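Enquirer: Have a look; sequence and predicted model below, questions after that.
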Amino acid sequence: MTIRGHTFSRRDFLASAGLATLSAAFRPARVNAQHEGDHLVTTIREAAATAKIEVQSLRGNVSMLMGSGGNIAVLPGKDGKLLIDAGIPGSRMEITRALEALGGDPIKHLVNTHWHFDHTDGNEWLHSAGASIIAHENTRTRLSTATRVEDWAFTFPPSPAGALPTDVFTNDCALHLNGTTIQLSYYGPAHTDSDISAHFVDADVFHCGDTWWNGVYPFIDYSTVGSIKGTIRAAEANIEKVSATTVVIPGHGPVGTRAGLIEFRDMLAAIHTKVAALKKQGQSLPEVIAAKPTAAYDDKWGKLVPPTLFTRLVYAGA
Ligand SMILES: [Zn+2]
Ligand SMILES: [Zn+2]
């Protein structure tokens with residue numbers, strides 16, 4: 001395969017998976033960049049301004065908007081539109097257009113699957129448009145204070161008051177809206193310490209936030225108590241929670257099914273086992289990276305978060 005051909009297929013894959021805004025940011029040089037303007041977080045925020053938002057109708061009146069940060073689920077209805085995740089404000093015009101196409105109900109409710117900027121940056125404008133914001137209590141804690149993510153070399157300042165969740169919970173919370181029930185459940189520490197799932201019970205559509213990245217290696221945020229072991233536990237929980245017919249929305253990547261969750265869990269577990277064995281032998285991080293423990297998986301999973309970064313993330317918690 002030529003370099004050129006490979007580049008195009010990677011780009012095509014990322015565009016079709018709604019990952020275009022993240023793809024530039026996860027080039028290895030940027031992951032470690034220190035200055036504004038050539039930085040992962042800045043790059044993703046800027047890319048959102050030109051992102052194409054794709055709307056996909058799922059089941060039971062639930063739709064998904066793809067292309068601005070994490071995947072956004074939308075349930076319109078008489079109680080006002082409910083959104084799961086807020087996207088990035090650079091896409092506000094496009095998101096507004098996409099929401100209007102789903103009906104005239106006002107935006108009334110927003111759920112954050114976790115505190116990360118690509119899921120919460122849109123909180124402030126959605127709140128000003130009329131949405132109350134529901135999240136795990138740790139999402140409000142993280143957004144309320146300056147929070148540094150070491151692996152992004154970035155410190156997020158405290159969010160403005162209008163961006164903070166208005167209603168928080170600890171373990172579980174059921175919303176009864178638009179003639180249906182949306183069950184929110186905390187995972188415990190997983191990708192961060194604030195991850196929740198959102199299950200549209202009647203439609204059987206399950207949004208699992210960044211506990212699932214469909215088709216690519218996940219990022220894991222150790223700075224806010226995420227870990228590879230927590231990520232594997234969440235993957236196991238997702239497999240338990242859904243059935244063969246559940247429509248599953250990942251935090252990033254295309255909509256999938258339980259089979260995809262199983263494949264993701266198996267990949268995580270296999271790489272964790274390999275890396276943990278090498279670490280137990282006393283190998284340093286550079287030695288483990290040189291041993292390429294992800295090699296068998298890189299063609300399929302390595303197109304966004306690079307294999308070296310993912311190896312580092314696994315090693316940190318192995
Ligand atoms: Zn995300
Ligand atoms: Zn995240």
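Expert: Cool, the structure landed. Ligands and ions are numbered 1, 2, ... in the order given.
Enquirer: What is the burial count for the residue nearest to residue 62 when sequence neighbours are not counted?
Expert: In space, residue 62 comes closest to residue 205 once its chain neighbours are excluded; the distance is 4.6 Å by CB to CB, 6 or more residues apart in numbering. C-beta coordinates here come from the backbone N, C-alpha and C atoms, glycine included. The burial count assigned to residue 205 is 26, neighbours taken as other CB atoms under 10 Å.
Enquirer: Could you do the one 4 residues further on as well?
Expert: Using other CB under 10 Å as the criterion, residue 209 is surrounded by 29 other residues.
Enquirer: now the one 10 residues further on
Expert: Using other CB under 10 Å, residue 219 has 27 neighbouring residues.
Enquirer: try residue 282
Expert: 7.
Enquirer: Residue 230 too?
Expert: 22.
Enquirer: Render the CA-only coordinates of the strand or helix carrying it in CSV, please.
Expert: Element membership for residue 230, per DSSP states H and E: helix 228-241. What follows is helix 228-241, C-alpha atoms only, in CSV (Å, rounded to 0.1, in the frame of the first residue of the first chain):
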residue,chain,number,x,y,z
ILE,A,228,-7.5,1.1,31.2
LYS,A,229,-8.9,-1.2,33.9
GLY,A,230,-11.9,1.1,34.4
THR,A,231,-12.4,1.3,30.6
ILE,A,232,-12.5,-2.5,30.4
ARG,A,233,-14.9,-2.6,33.3
ALA,A,234,-17.2,-0.1,31.5
ALA,A,235,-16.9,-2.1,28.3
GLU,A,236,-18.0,-5.2,30.2
ALA,A,237,-20.9,-3.3,31.7
ASN,A,238,-22.0,-2.1,28.3
ILE,A,239,-22.1,-5.7,27.0
GLU,A,240,-24.3,-6.6,30.0
LYS,A,241,-26.6,-3.7,29.6
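Enquirer: Just the pLDDT for residue 34.
Expert: Per-residue confidence at residue 34 stands at 54 (pLDDT).
Enquirer: from memory residue 126 sits against residue 84, does it?
Expert: No. The pair residue 126 / residue 84 is not scored as a contact, 11.6 Å apart, by CB atoms under 8 Å.
Enquirer: how close does residue 310 sit to residue 217?
Expert: To residue 217, residue 310 is 4 Å away according to CB to CB, to the nearest Å.
Enquirer: any common contacting residues for the two?
Expert: 294, 301, 302 (CB atoms under 8 Å, 6 or more residues apart in numbering).
Enquirer: Distance check, residue 114 against ligand 2.
Expert: 6 Å (CB to the ion, to the nearest Å).
Enquirer: So what's the residue count around that residue?
Expert: Applying other CB under 10 Å, we find 29 residues neighbouring residue 114.
Enquirer: What's the first helix or strand after the lowest-mean-pLDDT helix or strand in the chain?
Expert: Least confident helix or strand, the chain: helix 28-31 with a mean of 56, by mean pLDDT, DSSP states H and E. As assigned by DSSP H and E, the chain's next helix or strand after helix 28-31 is helix 40-47.
Enquirer: Assign residue 312 to helix, strand or coil.
Expert: Of the three states, residue 312 takes helix under DSSP: H, G, I helix; E, B strand; the rest coil.
Enquirer: That one touches residue 285, doesn't it?
Expert: Yes. Contact criterion CB under 8 Å: residue 312 and residue 285 qualify, at 6.3 Å.
Enquirer: More neighbours: the two, which one.
Expert: Taking other CB under 10 Å, residue 312 and residue 285 do not tie; residue 312 has more neighbours (19 against 15).
Enquirer: Report the contact partners of the more buried one.
Expert: Contact analysis of residue 312 by CB under 8 Å, 6+ apart lists 285, 289.
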